[in-house]
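1. Need a 3D model of the sequence below.
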Amino acid sequence: MTATAVSSPGAAVNGRRAGRRRRLRGGLAFYGFISPWLIGTAALTLFPVGYAVYLSFTDWNGMTSFKPWVGLANYQQVLTSGDTMSTLSKTLVLTAVVVPVTIAGSLLLAMLLNRRMRGRSVLRMLIYIPAVVPPVASALIWKVIFDKNSGAANRLLGLFNVNPVSWLTGGNVFIVLIVVLLWALGSGIIIDLAALQTVPADQLEAARVDGAGPFGRFRHVILPAISPILLFQTVLTVITTLQTFIPAILLSPVSSAGGLGVFTNIPPANQVYMVDVYEQFFNYSRYGYGSAMLVVFLFVIVAMTALIFRFLGRGVFYTVDPTKARA
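-> Sure thing, here's the model as predicted:
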C-alpha cells in the first residue's frame, strides 16, 4: 500500500506528460495535413487581398516602384464618381434580373426532369451540357449567334420579315449578356434534382391523402424541405453574377492591334462594375483606384450576402436547428 501511494503522484505526472505529447503529435499531424491549404490560402488569398488593400491607399500607375500615398482619396472618388456608381447600378440591375430567373428556372426544370418520362436521362444530359462549356466559348458562341449580318438570331427573325437587329450594340447587348448568363442553368438543375430526391416520400403521400394538390404539396412539403439548398444557390448566384466580367468583355467589338485581338469600345450597356475595374487597371493604369474599387466591391458583396441571410434565412427550414446543433 505504501509503495503504491508513493508511486501514484509520479505515475499521474507521467500520464499527463504522455497526454500532452499525444496532443502535440496530433496537433502537428493535423497542421501538417492542412499545411498545403494554409500555404495556398496565405499565398493566393491573404497576401493578394492585403496587397490590394495597401495599393488602394496609393496612386500607383503600375509602372514605377514609387507608390505615392494618397490615403482615402481613392475611396472618396469611388463613392462620389458618377461613372463608378453607374456601373455598380448596372451590375445590381443585372443581378436583380438574372438571380430570380436562374433560381426559379433551375427549380422548374429540375421538377420536370424529376418526373418519370421517356428519355429523361438524355434530357438531363442535354440541359447540363451548357454548364460544362467554358465561359469564353459560351460568350463567343452567343456572339456569333447574335451577329447582325450572319447570326442565326437575325436569320430566324428574317423568316417573319423582321429587319436585322443590331444585337451587339446599344442597349440590346445587355439582353445578350443576360441570355449568356442564363444559358448555363444546368449546374443549378443538378443541385435541385439532388435536393428534390431527398424530400421525404411519406410526407408527400400524407399531404396527398389530406387533399393537398400539386401546388399545396410544393408549397408545404417540397419548398420547406429544399429551402436550405435554395438559400445556398441564391447566395452563390448573387456572388457569381455580381462578378460578371468575361461575357461582358467578350461580347464587345474586337480590333486588331499589332496582330493581337484587343477588346475596344465596350458598349455602355455592358459597362458593369468588373469591366470598369478592368479598364481602370489595364486601360488607364490606375492601380490604386482600381484596388479601391475592388475593396469597396468586397464590402458590397459581403453586405448583400448578409442581407440575404437576414431576410431569406428566416424562411429556411432546417431538420436540425443550426443554432442548437452540437458536434
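2. The closest residue to Val133 other than its chain neighbours: how many residues sit nearby?
-> Distances taken as C-beta to C-beta, 6 or more residues apart in numbering place Ala184 nearest to Val133, at 7.2 Å, with adjacent residues excluded. C-betas here are computed from N, CA, C, even on glycine. Counted with other C-beta atoms under 10 Å, residues neighbouring Ala184 total 18.
3. which ones are touching Ala184?
-> Contacts for Ala184 were tallied using C-beta atoms under 8 Å, 6 or more residues apart in numbering; they are Pro130, Ala131, Val133, Ser138.
4. And Arg17, by the same measure?
-> Listed by C-beta under 8 Å, 6+ apart, Arg17 has no contact partners.
5. measure it to Tyr31 for me?
-> 21 Å (C-beta to C-beta, to the nearest Å).
6. Which of the contacts of Ala184 sits closest to Leu236?
-> Nearest to Leu236 out of these is Ala131 (C-beta to C-beta; 13.4 Å).
7. from what I can see that closest one touches Gly186, true?
-> Yes - at 3.2 Å, Ala131 and Gly186 qualify as touching, with contact defined as C-beta atoms under 8 Å.
8. neighbour-wise, which of the two wins?
-> More crowded of Ala131 and Gly186, by other C-beta under 10 Å: Gly186, with 20 against 15.
9. List the buried residues for stretch 276-294?
-> Residues 276-281, 286-294 are the ones in stretch 276-294 that count as buried (16 or more other C-beta atoms under 10 Å).
10. from the middle of its chain, how far away would that stretch be?
-> Stretch 276-294 has its C-alpha centroid displaced from the chain centroid by 22 Å (C-alpha atoms, centre = their mean, to the nearest Å).
11. Need phi/psi at the residue most central in space within the chain.
-> Nearest to the mean C-alpha position of the chain, by C-alpha atoms, centre = their mean, lies Thr240 at 2.5 Å. As for Thr240, its main-chain torsions (degrees, to the nearest 10) stand at phi -70, psi -40.
12. how near is it to Leu298?
-> Relative to Leu298, Thr240 is positioned 15 Å away (C-beta to C-beta).
13. Also Pro36?
-> For Pro36, the distance to Leu298 (C-beta to C-beta) stands at 25 Å.
14. now the strands for the stretch 201-327 of the chain?
-> Secondary structure of the stretch 201-327 of the chain (DSSP state E, counting those that start in this stretch): strands located at 254-257, 260-263.
15. How many neighbouring residues does the residue nearest to Ile266 when sequence neighbours are not counted have?
-> Closest residue to Ile266 apart from its sequence neighbours, by C-beta to C-beta, 6+ apart: Ser252 at 4.4 Å. By other C-beta under 10 Å, 21 other residues sit near Ser252.
16. Ser252 and Asn270 touch, don't they?
-> Yes - taking contacts as C-beta under 8 Å, Ser252 lies within contact range of Asn270: 6.7 Å.
17. Which single one of the contacts of Ala184 is nearest to Leu88?
-> For those, the closest approach to Leu88 (C-beta to C-beta) belongs to Ser138, at 24.6 Å.
18. OK, contacts around Ile141?
-> Counting by C-beta under 8 Å, 6+ apart, Ile141 touches Val133.
19. What of Ser106?
-> Per C-beta under 8 Å, 6+ apart, neighbours of Ser106: Leu185, Gly188, Ile189, Ile191, Asp192, Gln233.
20. need those in JSON lines with pLDDT and secondary structure, can you?
-> Formatted as JSON lines, the contacts of Ser106 follow (pLDDT from 0 to 100; DSSP: H, G, I helix; E, B strand; the rest coil):
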{"residue": "Leu185", "pLDDT": "84", "secondary structure": "coil"}
{"residue": "Gly188", "pLDDT": "87", "secondary structure": "helix"}
{"residue": "Ile189", "pLDDT": "89", "secondary structure": "helix"}
{"residue": "Ile191", "pLDDT": "90", "secondary structure": "helix"}
{"residue": "Asp192", "pLDDT": "91", "secondary structure": "helix"}
{"residue": "Gln233", "pLDDT": "93", "secondary structure": "helix"}
